[in-house]
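A.B. asks: Show me how the following folds:
(chains A and B)
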2 protein chains.
Amino acid sequence: MDSAVCAALAARDYEACALHFSYGQRTEARELHSFGAICDRLKIEQRLHLTIDLFRRIGGSALTDPKIAVPHGAEEIGTGIPVTYVPFRNAHFLSAAVSWAEVVGAEKVIIGAVEQDSSGYPDCRPSYYAAFNELVKQGTKNGNIEVITPLIRMRKAEIVRLGLELGAPFDLTWSCYEDTETACGRCDSCVLRLRAFAAAGLPDPIPYRSRDAVV
Amino acid sequence: MDSAVCAALAARDYEACALHFSYGQRTEARELHSFGAICDRLKIEQRLHLTIDLFRRIGGSALTDPKIAVPHGAEEIGTGIPVTYVPFRNAHFLSAAVSWAEVVGAEKVIIGAVEQDSSGYPDCRPSYYAAFNELVKQGTKNGNIEVITPLIRMRKAEIVRLGLELGAPFDLTWSCYEDTETACGRCDSCVLRLRAFAAAGLPDPIPYRSRDAVV
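C.D. replies: Sure thing, here's the model as predicted:
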């Protein structure tokens, strides 16, 4: 949902290009389907779909290693870095975006990182993006590309409201870490999303197997 | 040759793991062959070979886009960022190394970046690695991984001498940007390498089509 809100922002304010990754996550095919549908709805023509085999090959995360279970338990959210942490993941996504930006001449890279109401990943903090922008300044041809994180200091309920305002296609998004037809409603990502819609006083348009975890 | 010297250093000082990339560079197969042979010689057992399709798909570099010619002309070296620059390349290599380091528990990532006697790439400067290390500190689970660049301030001739001291397998390395059986002797990479061996007063053990460019 955070990426979809950023995509809606980008489509409103820029000539947007959209980048998607299949990185061995459990819900890879479902997310790719969402990517295409969201771009169609937002009329984003320039798209790049990349496949990264690294994470599946090195393991170390419940999202990419089928031997590590996705945790179900809302009470653990925010108590440390969870097993769904994918080692140094966002650096790969951002590096690809910056490489592509250099070639197409884009000056902004937008990512839907959120610090509060998040699972506690180290690569979702403002200090991480400050460091990344210094790297981009040092390591690119013209030093004129900037990574921006418009949602990073927002609460999830504010993101829902902003998304509605922008016409972000929430009905086409997929957040569940585990299931691909009906969202589980119990993994961190589902719980954070359900809480966000509840706090915003709005219905979440996608189907869930259970909404009990957030009651 | 810089990577091989770093590999020899790593094999001497650490329980080394070796990472290689096929990223659509013209000499991909030749370099992969060198990777295996160098690891065998240095007895590095833990190896990871990754394929990155991004660069070939986005283009923008003479190394990965067959439509852009590899320049031949020693006089242009160091006069700006050359067309062999691959957009934000080292960030991809380093991010993969850091992801792998997190999973295997490695605390050092060694890369053979060289500032002087180089082609003028922005991702070979000390300030770039300082920025990357800040990113690693901010964006990893334990913040205890460090990228080190033992060659960065050395002249190429010093690197040749260090490599000989360490038993770096120069005979197994490949530096040419263009050819895969006999090195061209005319691209930046060949010229910088030939100059290095000449300055060190030592013979370069690999075959060249021509050594005229550096006389």
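A.B. asks: List the buried residues of the helix or strand where A:Val136 lies.
C.D. replies: Element membership for A:Val136, per DSSP states H and E: helix A:126-139. Using 16 or more other CB atoms under 10 Å in any protein chain shown as the burial criterion, the residues of helix A:126-139 that qualify are A:Tyr128, A:Tyr129, A:Ala131, A:Phe132, A:Asn133, A:Glu134, A:Leu135, A:Val136, A:Lys137, A:Gln138, A:Gly139. For the C-beta atoms, the positions are set from N, CA and C on the backbone; glycine is no exception.
A.B. asks: just stretch A:144-154 next, same as before
C.D. replies: A:Ile145, A:Glu146, A:Val147, A:Thr149, A:Pro150, A:Leu151, A:Ile152, A:Met154.
A.B. asks: Now do the SS call for the nearest residue to A:Arg47 once chain neighbours are set aside.
C.D. replies: By the measure of CB to CB, 6 or more residues apart in numbering or on different chains, the closest residue to A:Arg47 outside its immediate chain neighbours is A:Ala18, 5.0 Å from it. Assigned with DSSP: H, G, I helix; E, B strand; the rest coil, A:Ala18 falls in the strand class.
A.B. asks: near chain B, anything from the helix holding A:Val136?
C.D. replies: Yes. Using CB under 8 Å from any CB of the partner chain, helix A:126-139 reaches chain B at A:Ser127, A:Tyr128, A:Ala131, A:Phe132, A:Glu134, A:Leu135, A:Val136, A:Lys137, A:Gln138, A:Gly139.
A.B. asks: and stretch A:101-108, is it in reach of chain B?
C.D. replies: Yes. Judged by CB under 8 Å from any CB, stretch A:101-108 and chain B are in contact via A:Glu102, A:Val103, A:Val104.
A.B. asks: Can you tell me what sits against that stretch?
C.D. replies: Here stretch A:101-108 makes contact (CB atoms under 8 Å, 6 or more residues apart in numbering or on different chains) with A:14, A:17, A:46, A:100, A:109, A:140-142, A:144-148, B:58-60, B:87-88.
A.B. asks: do stretch A:132-148 as well
C.D. replies: A:91, A:94, A:97-98, A:101-102, A:106-111, A:129, B:81, B:85, B:87-88, B:90-91, B:122-123, B:125, B:127-128, B:131-132, B:134-135, B:139.
A.B. asks: Write a ChimeraX command that selects only the buried members of those residues.
C.D. replies: The ChimeraX selection below is limited to those of those classed as buried (16+ other CB under 10 Å):
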select /A:91,94,97,98,101,102,106,109,110,111,129 /B:85,87,88,90,91,122,123,125,128,131,132,134,135,139
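A.B. asks: Report the secondary structure state of A:Leu202.
C.D. replies: Secondary structure, three-state DSSP: A:Leu202 is coil.
A.B. asks: Surely it touches A:Glu165?
C.D. replies: No. A:Leu202 is not in contact with A:Glu165 according to CB atoms under 8 Å; the separation is 11.6 Å.
A.B. asks: Looking at those two now, which is surrounded by more residues?
C.D. replies: Neighbour tally, A:Leu202 and A:Glu165, criterion other CB atoms under 10 Å in any protein chain shown: the higher count belongs to A:Leu202, 15 against 10.
A.B. asks: So what does the closest residue to the more buried one other than its chain neighbours have for phi and psi?
C.D. replies: Distance criterion CB to CB, 6+ apart; nearest residue to A:Leu202, sequence neighbours excluded, is A:Val160 at 6.0 Å. Here is the backbone geometry of A:Val160 (degrees, to the nearest 10): phi -60, psi -50.
A.B. asks: what number of residues lie near A:Val160?
C.D. replies: If we define neighbours as other CB under 10 Å, then A:Val160 has 24 of them.
A.B. asks: Would you mind listing the residues in contact with it?
C.D. replies: A:Met1, A:Phe170, A:Ala196, A:Phe197, A:Ala199, A:Ala200, A:Leu202.
A.B. asks: Dump those to a markdown table, plus secondary structure, pLDDT and distance to A:Asp53.
C.D. replies: Shown next, in a markdown table, are the contacts of A:Val160 (DSSP: H, G, I helix; E, B strand; the rest coil; pLDDT from 0 to 100; distance: CB to CB, whole Å):
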| residue | secondary structure | pLDDT | distance to A:Asp53 |
| --- | --- | --- | --- |
| A:Met1 | coil | 96 | 27 |
| A:Phe170 | helix | 98 | 30 |
| A:Ala196 | helix | 94 | 32 |
| A:Phe197 | helix | 96 | 34 |
| A:Ala199 | helix | 94 | 38 |
| A:Ala200 | helix | 95 | 38 |
| A:Leu202 | coil | 94 | 38 |
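A.B. asks: Please identify which of the residues you listed is nearest to chain B.
C.D. replies: A:Met1 (22.5 Å; CB to the nearest CB).
A.B. asks: Just list the residues touching the closest residue to A:Gln46 other than its chain neighbours, thanks.
C.D. replies: What sits nearest to A:Gln46 in space, not counting adjacent residues and going by CB to CB, 6+ apart, is A:Cys17, at 4.0 Å. Contacts for A:Cys17 (CB under 8 Å, 6+ apart) come out as A:Ile44, A:Gln46, A:Arg47, A:Leu48, A:Trp100, A:Val104, A:Ala106.
A.B. asks: Show me where chain A has its strands.
C.D. replies: Per DSSP state E, chain A carries strands over the ranges A:17-22, A:46-51, A:108-110, A:146-148.
A.B. asks: Any chance of TSV for these, columns mean pLDDT?
C.D. replies: What follows is the strands of chain A, written out as TSV (pLDDT from 0 to 100):
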stretch	mean pLDDT
strand A:17-22	97
strand A:46-51	96
strand A:108-110	98
strand A:146-148	98
